[in-house]
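Enquirer: let me see the structure of the following:
(chains A, B and C)
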Amino acid sequence: MNDTVPGPVVLLEARDVVKSFGGRPAVDGVSLTVHRGETVVIIGPSGSGKTTFLRCLNHLVPIDSGSILLDGEPVGYRQGRRGLTERSPREVAVVRRRIGFVFQRFNLFPHLSAIENVAVGPWKILGRPRAECYREAGDLLARVGLADKADARPAQLSGGQQQRVAIARALAMKPELMLFDEPTSALDPEMVGEVVAVMRQLADDGMTMVVVTHEMGFARAAADRIVMIDNGRILEEGPAQQMINSPAHARTRRFLTQISH
Amino acid sequence: MTRCLKSGLWAAGTVLVALSLVACGGSSGGQPPASGTSAASGGVAVPAGALVKAGQITYCSDLSAPPLEYLDAAQKPAGAEVELGDALAKAMGLKSVWANTAFSGIIPALQAKQCDAILSQLFIKPEREKVVDFVPYLYSSNTVLVKASSTDLTGIDALCGKKAAAQTGTTIVEYLKEASAKCTGGGKPAIDTRLFTKDSDALQQLKIGLVDAYGTSVETAAYVMKQQPGAFTMAGEPFGQIKCGIATTKDKSALHDALTAALAAIRADGTYDAILKNWNLSGDALKAS
Amino acid sequence: MLHLALAEEPGFAFDWGFFFQSMFQPSSLFLEGLARTVYISVLAQALGIVFGFGIELCRRSRFRALRWIAGTYVWLVRGTPLLVQLVLVYNGLAATNLYRFEDWTIGSVVVLGVVQAAIITLAANEAAYMAEIFRAALDAIDVGQAEAAKALGMTPSMTMRLVLLPQAARIVVPPLGNEFNLMMKSTSLVSVIGLQEMFLTAQSINSATFKTFEIFLTVAAYYLALTTVWQFVQRWIERKMGTPTVSVPRDSWRDRLLGERKRAAAVATQPAGSRE
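Expert: Have a look, this model is predicted:
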């Protein structure tokens, strides 16, 4: 259980999100409300649509129908007279600056050093002064435990180190919401802990997070709510403790047993 | 290892065969030899071994300069010099074959034995006489052709600062260079001379108006003016009258002598005059010796 | 057969004096042709890279009209011979009175119309090939890179400028080297519109001196010298762009000339901990 108590303010509201690929719905009417400061963990078997749903939240994947509102502002779609129209890439880019995204495969920029990766967002995107951006980038790298690797290129870092830099890079934009797409699935087991530690600290500090993961250790320690998605739909959701200890559905119970090994 | 060697030898062998077929083909510039008149006994004997291929005489000629030598609508060699060449071949009892060769490389082509003789309005000049033997057969002169509207261009000396087009390797290029040197010597801008592989390309530049003058032989100029009456005029009088010769390499004196005899034969029997009259070139005929 | 001809012909002898003189004491006309070849190649290639990138951007545009125009351009230009394009642009446009290339005087320098036409046509031709090269380079970049850029909130132009183009630049250098090598030799084609570059100059000298073998061997040597210089420049560029973890060792002179290259070796140990 994390330390801060989430307030009642709704930060993210996804309603009846549908996304199909080639006729088959990957996300079949999923609704999710996330409050400020809340940490929501999404679990489910592979192919359940949980990753697709997460990517819809910051419009990396455009939705077919439904609505996604960040603090009341539609992400990706404008509410026009005749329903939803897709916003211009520039408008979508502006909204995305308020959402941080951490990828399964880190996706660090290989031609930049660690500190350059972290500083490029505030410096080039937000247009803040270079010295300030680099100073803050240094602080962020220290916060994730990589102060001594500031000038290293991603190719010189281990997977766990790269993922921590990726988290720092996302945090540099000072987002209101952080999305994590299976952040530890591509790591060797001995690296998982260092990344999970950073995520836990983030949750404790009050960041609003939506995390797709199999790491039940993180869920147990930091999640406020757990959502189980299967076949593109929410099977079950509820407070973390309740979901872990006494899930209602047999399917949920079976899944939790499988991933808790 | 032996398998590699064998396939290597096969490959080398095929390449050598292909190369020999190309090299001994007898024409340059990618044009297949076009056949002329068929042989008939003409009375002038050509010793064996004088020709690249027995029974035929191959002429190197740049077939892009009407009315002397060019390719007609059916892409067959035509023109006054082609007819002369065919007549000479007939007198020697040979078939005539025409190898279309770029003028800029015509003497080297002869030296490389791609033909027996050059018949291409080749002016007899000292530096050329060092390398080949000539059988003089015709007079020619140079001239500069301009658009009829260019009334200010009265001669080659009026071309300072203007653009002129000519074929690479022709004598008019040297006249243009001399005139250009005179221009710069007198404080005026030089003549911008553009060179082209084909004489007809140089003419096209004038037609399109990309150059102000086109330097060529007076025969070609007269032909162009006849094709398009009123479009062009000659800038000044023709100049540099000079003899044209049929060129053979220095070691082919037997062929040289045969050609001389054949020329005498066709002049004696009136063929020579008839051809020139037909093409309006009687003014260029060699004086009776 | 060439060697048989040489043996039979008593008059033929390779004029070594003439050859060495042309090689090492070239006439000013020849040097002018050489200079023209160099600056036309460089300018045309540089312009071709810029236009080519622009065309590739159009092909990735949101607007279908731009995509169609760019695609048609690449198809047309790559599908027709450069020689034909040169004649059409310089002679054809003038003949139909659509456009005439006039000489420009900029300060004390005269830029001939022929030179303008040559550079523009060569550049336009090169652009079509560079567009394809950029396409391959951009497609080769992992799709996660663009996603990460988007997720940070970069606009499409920021993504291209900050993330994709720097990575594409590295991939583009070897095929670009090929293209420039070809470009330097393609300049010999501009002789068809009467531009006095190295090849046409050699033809003129050939018709005046009849020393075909010697003069064309000299020209070949000069082209070889140009392309070899470029080879060194390309290697230098590749070394400059290499990442710090992948060192590109210096080759010995012999290796460089003969084209052998030491394989780029990774300096750091392979990063541990990434499963994929």
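
Enquirer: any weak-confidence spans in the chain?
Expert: Here I'm looking at chain A. For chain A, the stretches with pLDDT under 70 are A:1-7, A:79-83, A:261.

Enquirer: please refer instead to chain C.
Expert: Filtered on pLDDT under 70, chain C yields the residue ranges C:1-12, C:242-276.

Enquirer: just the helices in it please.
Expert: C:2-8, C:16-24, C:28-59, C:64-79, C:82-87, C:93-95, C:113-140, C:143-152, C:156-158, C:165-186, C:198-209, C:212-241, C:253-258 (DSSP state H).

Enquirer: closest one to chain B among the ones you listed?
Expert: Nearest of these to chain B, taken as C-beta to the nearest C-beta: helix C:198-209 at 2.9 Å. Just so you know, the C-beta spots here come from the backbone N, C-alpha and C atoms, and that holds for glycine as well.

Enquirer: roughly how far out does the closest one sit from the chain middle?
Expert: Its chain's C-alpha centre and that of helix C:198-209 lie 24 Å apart, by C-alpha atoms, centre = their mean, to the nearest Å.

Enquirer: ok, is it in contact with chain B or not?
Expert: Yes. Applying C-beta under 8 Å from any C-beta of the partner chain, one finds helix C:198-209 touching chain B at C:200, C:203-204, C:206-208.

Enquirer: mind listing what's buried in the helix or strand residue A:131 falls within?
Expert: Per DSSP states H and E, residue A:131 falls inside helix A:130-143. For helix A:130-143, the neighbour count (16 or more other C-beta atoms under 10 Å in any protein chain shown) marks A:133-134, A:136-138, A:140-141, A:143 as buried.

Enquirer: now do stretch C:108-120
Expert: For stretch C:108-120, the neighbour count (16+ other C-beta under 10 Å) marks C:112-120 as buried.

Enquirer: deepest-packed of the helices of chain C, please.
Expert: helix C:198-209 (a mean of 22; mean count of other C-beta atoms under 10 Å in any protein chain shown).

Enquirer: so that helix versus helix C:165-186, what angle?
Expert: 10 degrees (axes from the mean of the first three to the mean of the last three C-alpha atoms, to 10 degrees).

Enquirer: helix C:198-209 versus helix C:28-59: what angle between them?
Expert: Counting by the same axes, to 10 degrees, helix C:198-209 lies at 150 degrees to helix C:28-59.

Enquirer: ok, and what's touching helix C:198-209?
Expert: For helix C:198-209, the surrounding residues in contact (C-beta atoms under 8 Å, 6 or more residues apart in numbering or on different chains) are B:103-108, B:127, B:168-169, B:173, B:195, B:197, C:18, C:22, C:27, C:29-30, C:32-34, C:36-37, C:187-188, C:191, C:194, C:211-212, C:215-216, C:218-219, C:222-223.

Enquirer: swap in 6 Å and give it another go.
Expert: B:104-105, B:168-169, C:29-30, C:33-34, C:37, C:188, C:191, C:212, C:215, C:219 (C-beta atoms under 6 Å, 6 or more residues apart in numbering or on different chains).

Enquirer: got it, and stretch A:78-98?
Expert: Under C-beta under 6 Å, 6+ apart, the answer for stretch A:78-98 is A:58-59, A:75-77, A:173, A:175-176, C:153, C:155-156.

Enquirer: let's see that with 7 Å instead.
Expert: A:58-59, A:62, A:70, A:73, A:75-77, A:125, A:173, A:175-177, C:150-151, C:153-156 (C-beta atoms under 7 Å, 6 or more residues apart in numbering or on different chains).
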